[in-house]
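Asker: coords please:
(2 chains)
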Number of protein chains: 2
Amino acid sequence: MVKDLDKVFKPSSIAMVGASNVPAKWGSFLLINLLAGGFPRDRVYPINPREEFIHGLPAYRSLSDLPVVPDLAVITTPARTVSGILEECARCGIRSVVVISSNFSEVGEEGARLERELVEVARRNDLTVVGPNTMGVVNTRHRLYAVGAPVQLHPGPISFVSQSGNVGANMLGWTMNQGIGFGKFVGSGNEAILQASDYIEYFGQDEETALILAYLEGVDDGRRFMETVRRTSLKKPVIVLKSGRTEEGSRAAMSHTGSLAGSDHIYDAAFRQTGAVRVDSSQEMLDLAKSFERLPLPPGDRLGIITLGGGWGVLATDATAAAGLRLARIDDRVREVCDELLPPFWSHGNPVDLVGNIYMETHLAIMEAMAASPEVDALVVLGTLGTGTIIGLNVLVSQSLVMEMSEDAMKSFFTELKERNLRLLRRAKELMLTYRKPIVFVEMQFIGEENLRDLEAGETVIFTAPEKAAGILAKMLSYRRFLERHGLERSWTVDP
Amino acid sequence: MVKDLDKVFKPSSIAMVGASNVPAKWGSFLLINLLAGGFPRDRVYPINPREEFIHGLPAYRSLSDLPVVPDLAVITTPARTVSGILEECARCGIRSVVVISSNFSEVGEEGARLERELVEVARRNDLTVVGPNTMGVVNTRHRLYAVGAPVQLHPGPISFVSQSGNVGANMLGWTMNQGIGFGKFVGSGNEAILQASDYIEYFGQDEETALILAYLEGVDDGRRFMETVRRTSLKKPVIVLKSGRTEEGSRAAMSHTGSLAGSDHIYDAAFRQTGAVRVDSSQEMLDLAKSFERLPLPPGDRLGIITLGGGWGVLATDATAAAGLRLARIDDRVREVCDELLPPFWSHGNPVDLVGNIYMETHLAIMEAMAASPEVDALVVLGTLGTGTIIGLNVLVSQSLVMEMSEDAMKSFFTELKERNLRLLRRAKELMLTYRKPIVFVEMQFIGEENLRDLEAGETVIFTAPEKAAGILAKMLSYRRFLERHGLERSWTVDP
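Answerer: Model prediction:
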């Protein structure tokens, strides 16, 4: 089963059954997204008995008319036609199928009957079937976008299985804005044949995947699922967003996918044992994925905090305790460095309050001392990134009040500002490599989403609010502890 | 005291004591921000004995040399000089002073001595003193930006007192990006004379303020503070972000401002009695402020959810229960409308799952029916806003694959898309006015921060993740219930 998924995620050719020229039809969406994503046009075969060309490609009347046996069939035709098409797939030698079509078990008795029929045909012919009622599949490295959402993702080592098509599609969209790289995606749909466990197992064995995300509403094969997650977690992190946390949510999940959502407490306990890292929201899932990808795991629970001003330090301290982490002790070396660089009334404790000191050399020296300290397992740096912005803006405004500022001067100012920020980030990256502990930045100078992604460059993690960092680090620590309990260690970054 | 704050927030002229031409000095920042903010140049008097002109304005040797008595003095000179300057203020007839200068009680014994001296001089001369060690003050309607952060805010009815200058300044910055209007801001600094209670009382009486935000680390005058908040909450919402939630955070707060943070449980209970609405993070504070400003208070706890797809509906249901709200019952009228417009297998319950139906008329009709239902106290609409984006992008991509798309056609497509979204938002606004219940949107098509603010137009609330909405509505409800306990009702929107 898992081996057959290679043809789903890495097909060399694809038949699009139900391809259409009519805008807003799934048969149109899917083909457009596939072509726009860069899949080779000459290996895409639209099947539609009533058209000669579809979106510029020659159309075929049926699968049997194709000049080759494609690796994968993607079906968007009405539910009642699907079983017949599966039979035809089997006759033609097509073994892997993505059934986008909906109106199966999710819509009542007649749909459920059609789905039972689909399962029977698929089993009898030993077909690998994704769906039905799925948003589709993506594999960025393979330029495969057989998916209903018009997304073009940054390639990366994160793979994602979602039991909801719209949750999946929207989250993929967010990764584009947030500069997060993605590898494979699958909407598991009604899971008539393949279930979430199968995809997790596949991603677990997939060398291109270093990190697995799963959005779940419920699983039917509880024991197998948990065993799969446990085995997979020993190799790579599995981040789970499980809805139905509350009784109400659980009922809503049941009406959505018909799956038995089960008691949340049971899931929670089970997840803990399996090493899965559970998150509470879609955004936390992406923040954590990014952090797992870019940061080493914290070796312990002692958090160091550097802050440009006291207030955010207090809020970060709250967040630290709330996340179950401890404030690191300030050791003699850090104390010496701070004594030398900060005014005598510096906080003399953690958080280290820079009391507004804006000198880059100070920021670097204190960050280095904290990173090197054996008392510190992870470091959160608040407000030093982007300090140039405030100072710089003032200088700019000042100069424009008293003289004309040349365009060149302006440009060189912003270049310098960016260099300043990059210097801090590059040094942090070096320190992470040296000391194998995470350093996370919080930028609070409103330099804008796009500039932030530019600075992160897919290599560091910058949050925009200080409250998030501690919670993310605590979840990374929980995964490290799971590995340790099994005598394992994760190398510093994913290395796809 | 409170009356004298008028001269702090609405001075007709200002002396800037310690104004400077040296970039990166507070005396330079402050003046630059003040002038850049649009305060009349001819009513600003830089005081500096060593310069003739400062940032283009004639400088004066001392306050006594001024041709007029300014309403307000803003001081940025070293701590040891401040008491002397306060004496001079008093001699010249200046009654209101903002002391930006730091190095007072926050830095140890010598600073504490200087602060006691400052207090003595201020009390003896009956001066109104903000600070010392404050980030400054802002009043957007008065074009007053006597503040250390280079912010230019959207005017609005929200006022904010912050016990941390950097928390305050950063949050002001965020409001710019998030399209949130602001009225007055004050960093309360060391609170040597004026305390958070004074500002809250002033904002409470201020007709231009409809909503008060407070970032607090601790208060010394607990009883008076709580009494002020209670009295003020009867008139307008007071949203409080109180740090030191945890023991560790509380200790950090003490070392930051020296204030006694007190037990968090005591605060929590006290806040509940006073009607203050407590939030857990800086971003939640801004989300809630925006919602209070733009939405009517929900009359009860029954939440209606409309969702384009099942998955987000499940997550929103979880969030509803977690926030202590209930799912509204679907009444016969809503059922009829859905039966007519949706396929027979529609969810027949709340959340109403549009199962991917993208027709604007369907969205409008179901939103109208839900808003009109006496079973529904508040409405969350997930994913309908921006649906044009996905469809539209597909059409665009499709057309560019098969033909050249003219620039005009492109432009008219995006205009139409925006019109479509605006139609939904305008109808929601009308429905809110008619039925006096909040309607909140969640946009998940990644149309980008800037486009979102453009659509909100300062009038509606659009979240970008579905998990937030329920929590915000629950906090609004808690405030309504506080008002009801006192036999009061809040009119639908703030009307500044």
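
Asker: can you show me the strands along the stretch 1-150 of chain A?
Answerer: Using DSSP state E, counting those that start in this stretch, the strands of the stretch 1-150 of chain A run over residues A:14-17, A:44-47, A:53-54, A:57-58, A:72-75, A:96-99, A:128-130, A:136-139, A:144-147.

Asker: kindly report the same for the stretch 351-496 of chain A.
Answerer: So, for the stretch 351-496 of chain A - with DSSP E, counting those that start in this stretch - the strands run A:352-353, A:378-382, A:439-442, A:462-463.

Asker: mind giving me TSV with the strands of the stretch 1-150 of chain A and columns for mean neighbour count, distance to chain B and mean pLDDT?
Answerer: Where you see a C-beta, it was placed from the backbone N, CA and C, and this is true even at glycine. Shown next, in TSV, are these (neighbours: other Cβ atoms under 10 Å in any protein chain shown; distance: least, Cβ to the nearest Cβ, whole Å; pLDDT from 0 to 100):
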stretch	mean neighbour count	distance to chain B	mean pLDDT
strand A:14-17	28	14	98
strand A:44-47	24	12	98
strand A:53-54	18	9	94
strand A:57-58	14	10	96
strand A:72-75	28	16	98
strand A:96-99	28	16	98
strand A:128-130	26	17	97
strand A:136-139	27	13	97
strand A:144-147	26	11	96
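
Asker: put together CSV for these, with distance to residue A:33 on each row.
Answerer: What follows is the strands of the stretch 1-150 of chain A, written out as CSV (distance: least, Cβ to Cβ, whole Å):
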stretch, distance to residue A:33
strand A:14-17, 11
strand A:44-47, 11
strand A:53-54, 14
strand A:57-58, 14
strand A:72-75, 11
strand A:96-99, 13
strand A:128-130, 16
strand A:136-139, 8
strand A:144-147, 5
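
Asker: of all these, which one comes closest to residue A:238?
Answerer: With Cβ to Cβ, the closest approach to residue A:238 among the strands of the stretch 1-150 of chain A belongs to strand A:136-139: 18.6 Å.

Asker: who does the closest one pair with, and is each partner parallel or antiparallel?
Answerer: Strand A:136-139 pairs in its sheet with strand A:144-147 (antiparallel), strand A:184-187 (antiparallel), by DSSP bridges.

Asker: mind putting the ones you listed in JSON lines, distance to residue B:110 included?
Answerer: Shown next, in JSON lines, are the strands paired with strand A:136-139 (distance: least, Cβ to Cβ, whole Å):
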{"stretch": "strand A:144-147", "distance to residue B:110": "66"}
{"stretch": "strand A:184-187", "distance to residue B:110": "62"}
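
Asker: residues near residue A:78, how many?
Answerer: Residue A:78: 12 surrounding residues under other Cβ atoms under 10 Å in any protein chain shown.

Asker: who's the closest spatial neighbour of it, skipping the chain neighbours?
Answerer: Nearest residue to residue A:78 in three dimensions, chain neighbours excluded: residue A:101, at 6.5 Å (Cβ to Cβ, 6 or more residues apart in numbering or on different chains).

Asker: does chain B have contacts with the helix or strand harbouring residue A:176?
Answerer: Using DSSP states H and E, residue A:176 falls within helix A:165-177. Yes: with Cβ under 8 Å from any Cβ of the partner chain as the measure, helix A:165-177 is seen reaching chain B through A:165-168, A:170, A:173-174, A:176-177.

Asker: and the helix or strand following that helix, what does it pack onto?
Answerer: Next helix or strand after helix A:165-177 toward the C-terminus (DSSP H and E): strand A:181-182. When contacts are defined as 3 or more Cβ pairs under 8 Å, 6 or more residues apart in numbering or on different chains; DSSP states H and E, strand A:181-182 packs onto strand A:154-155, strand A:158-162, helix A:165-177.

Asker: out of the residues of helix A:165-177 next to chain B, which end up buried?
Answerer: A:165-168, A:170, A:173-174 (16 or more other Cβ atoms under 10 Å in any protein chain shown).

Asker: which residue does the stretch 1-150 of chain A bring closest to chain B?
Answerer: residue A:107 (3.4 Å; Cβ to the nearest Cβ).

Asker: where's that residue relative to residue A:187, distance?
Answerer: Separation of residue A:107 from residue A:187 (Cβ to Cβ, to the nearest Å): 17 Å.

Asker: ok, residue A:285 next?
Answerer: In terms of Cβ to Cβ, residue A:285 sits 16 Å off from residue A:187.

Asker: for the record, mean pLDDT for stretch A:172-190?
Answerer: What stretch A:172-190 shows for mean pLDDT is 91.

Asker: now do stretch A:451-468
Answerer: For stretch A:451-468, the per-residue pLDDT averages 83.

Asker: domain map for chain A?
Answerer: Per the record, chain A has its domains at A:6-291, A:296-485, by automatic domain parsing.

Asker: possible to save those as CSV with distance to residue B:435?
Answerer: Shown next, in CSV, are the domains of chain A (distance: least, Cβ to Cβ, whole Å):
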stretch, distance to residue B:435
domain A:6-291, 24
domain A:296-485, 34
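
Asker: which of those domains has the lowest average pLDDT?
Answerer: Looking at the domains of chain A, the lowest mean pLDDT belongs to domain A:296-485 (a mean of 85).

Asker: which residues touch residue A:274?
Answerer: Going by Cβ atoms under 8 Å, 6 or more residues apart in numbering or on different chains, residue A:274 touches A:226, A:229-230, A:233, A:238.

Asker: which SS class is residue A:201?
Answerer: helix (DSSP: H, G, I helix; E, B strand; the rest coil).

Asker: could you find the closest non-adjacent residue to the residue of the stretch 151-300 of chain A found nearest chain B?
Answerer: Residue nearest to chain B within the stretch 151-300 of chain A (Cβ to the nearest Cβ): residue A:164, separated by 2.4 Å. Once flanking residues are discounted, residue A:164 sits nearest to residue B:311: 2.4 Å by Cβ to Cβ, 6+ apart.

Asker: distance check, that neighbour against residue A:324.
Answerer: Taking Cβ to Cβ, one finds residue B:311 at 29 Å from residue A:324.

Asker: settle it for me: which of those two has more neighbours?
Answerer: residue B:311 (34 against 12).
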